[in-house]
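Student: return atomic coordinates for the entry below.
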Amino acid sequence: MPEWIIIILRSLTLIALLFFMVKWLGTKQLSQLNIFETISGIVLGGIAAIHTIDPNTNFAHAAIAMIIWFIVPYGVEKIALKSKSFRNFTQGKSTVFIQDGKIMEDNLKKEGYSTDDLLEKLRDKNIFLASDVEFAVLEPTGSLNVLPKRENLPLTAKDLGITLSPTKEPQTVVMDGKVLLESLANLSLNPNWLETELDKRNIAIENVFLAQADNDGQLFIDLFDDQIAVPAPTEKPLLLATMKKCQADLELFKLATENPESKSLYDRNSKKIQQAIDLISPYLK
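Tutor: Residues are numbered from 1 along each chain as shown. The predicted structure is shown next:
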């Protein structure tokens with residue numbers, strides 16, 4: 001068999017083997033590599049590269065070596081889940097760089113970080129003054145997590161005493177012109193609802209590149225044709241406007257009638273609608 005065919009077959013086999021090994025090791029292997037996992041990844045890649053390029057090497061030896069380098073990190077990961085001390089040894093521990101607003105110089109030296117390195121990490125977090133930081137810790141993965149001082153934290157609705165409606169994860173209900181039934185079901189919606197919403201805007205399903213719906217039943221659409229403007233959802237504003245109009249109509253009816261009982265009835269229902277408006281307004285903004 002020609003060598004080029006052997007190289008192609010070996011490459012495809014080793015790529016598949018590497019893919020499944022990394023997949024079995026978990027997505028953490030991709031996003032948060034520690035020291036041990038980094039070494040394992042380099043060695044696995046090296047084994048695959050060497051035995052792919054050189055057709056004279058024993059392919060069985062390559063498979064055995066890769067399996068061993070898969071089993072060891074996999075076993076280490078499982079043991080680390082059960083033992084804190086073992087996890088600290090293999091994955092490393094977090095190191096505090098700033099505590100109570102004070103820079104821990106000894107910890108910086110221990111991790112081989114200069115002052116410039118620390119400031120660069122802080123700038124990555126959009127912090128340009130070290131004095132703005134209350135606490136900062138270097139994670140075993142090399143990322144720096146920062147807690148700004150309380151006065152430098154952004155205001156939240158809770159800080160302002162504003163009540164917001166609970167929200168759930170929006171769902172993608174149309175992708176590349178195809179309806180995703182599972183996503184609709186997650187929002188307790190169905191294809192008929194989707195068709196109705198699209199008909200309101202004179203949009204055909206095949207023209208929709210992406211459509212997402214939130215927990216309130218509002219549909220956000222992006223079309224294949226970027227030249228066509230799609231109106232924003234108006235369900236919430238319309239509902240609030242309708243309620244306010246009903247309340248205003250009741251007030252007008254109260255002023256227009258001379259019947260005391262009717263005046264009392266209109267006034268009472270107007271106040272009830274106003275209470276409902278006050279209650280529901282935060283959820284419609």
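Student: separation between A49 and A62?
Tutor: For A49, the distance to A62 equals 10 Å [Cβ to Cβ, to the nearest Å]. For every residue, glycine as well, the C-beta is placed using N, CA and C.
Student: who's more crowded, these two?
Tutor: Neighbour totals were compared for A49 and A62, and A62 leads with 20 against 12 (other Cβ atoms under 10 Å).
Student: count of residues packed around the closest residue to Q247 other than its chain neighbours?
Tutor: The shortest distance from Q247 to any non-neighbouring residue, by Cβ to Cβ, 6 or more residues apart in numbering, is to I273 (4.3 Å). Residues lying near I273 (other Cβ under 10 Å) number 18.
Student: same question for V173.
Tutor: 27.
Student: phi first, then psi, for it.
Tutor: Main-chain dihedrals, V173, degrees, to the nearest 10: phi -100, psi -20.
Student: pLDDT score for it?
Tutor: Confidence at V173, expressed as pLDDT, is 93.
Student: try E120
Tutor: The model's pLDDT for E120 equals 94.
Student: what helix or strand is it on?
Tutor: Using DSSP states H and E, E120 sits in helix 115-124.
Student: keeping just the C-alphas, turn that helix into PDB.
Tutor: Output in PDB follows, covering the C-alpha atoms of helix 115-124 (Å, rounded to 0.1, in the frame of the first residue of the first chain):
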ATOM      1  CA  THR A 115       3.400  44.200  39.300                       C
ATOM      2  CA  ASP A 116       3.000  44.800  35.500                       C
ATOM      3  CA  ASP A 117       1.500  41.300  35.200                       C
ATOM      4  CA  LEU A 118      -1.000  42.000  37.900                       C
ATOM      5  CA  LEU A 119      -2.000  45.400  36.400                       C
ATOM      6  CA  GLU A 120      -2.400  43.800  33.000                       C
ATOM      7  CA  LYS A 121      -4.700  41.200  34.500                       C
ATOM      8  CA  LEU A 122      -6.700  43.900  36.200                       C
ATOM      9  CA  ARG A 123      -7.000  45.900  33.000                       C
ATOM     10  CA  ASP A 124      -8.400  42.700  31.400                       C
END
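Student: which parts of it are buried?
Tutor: L118, K121, L122 (16 or more other Cβ atoms under 10 Å).
Student: thank you, goodbye.
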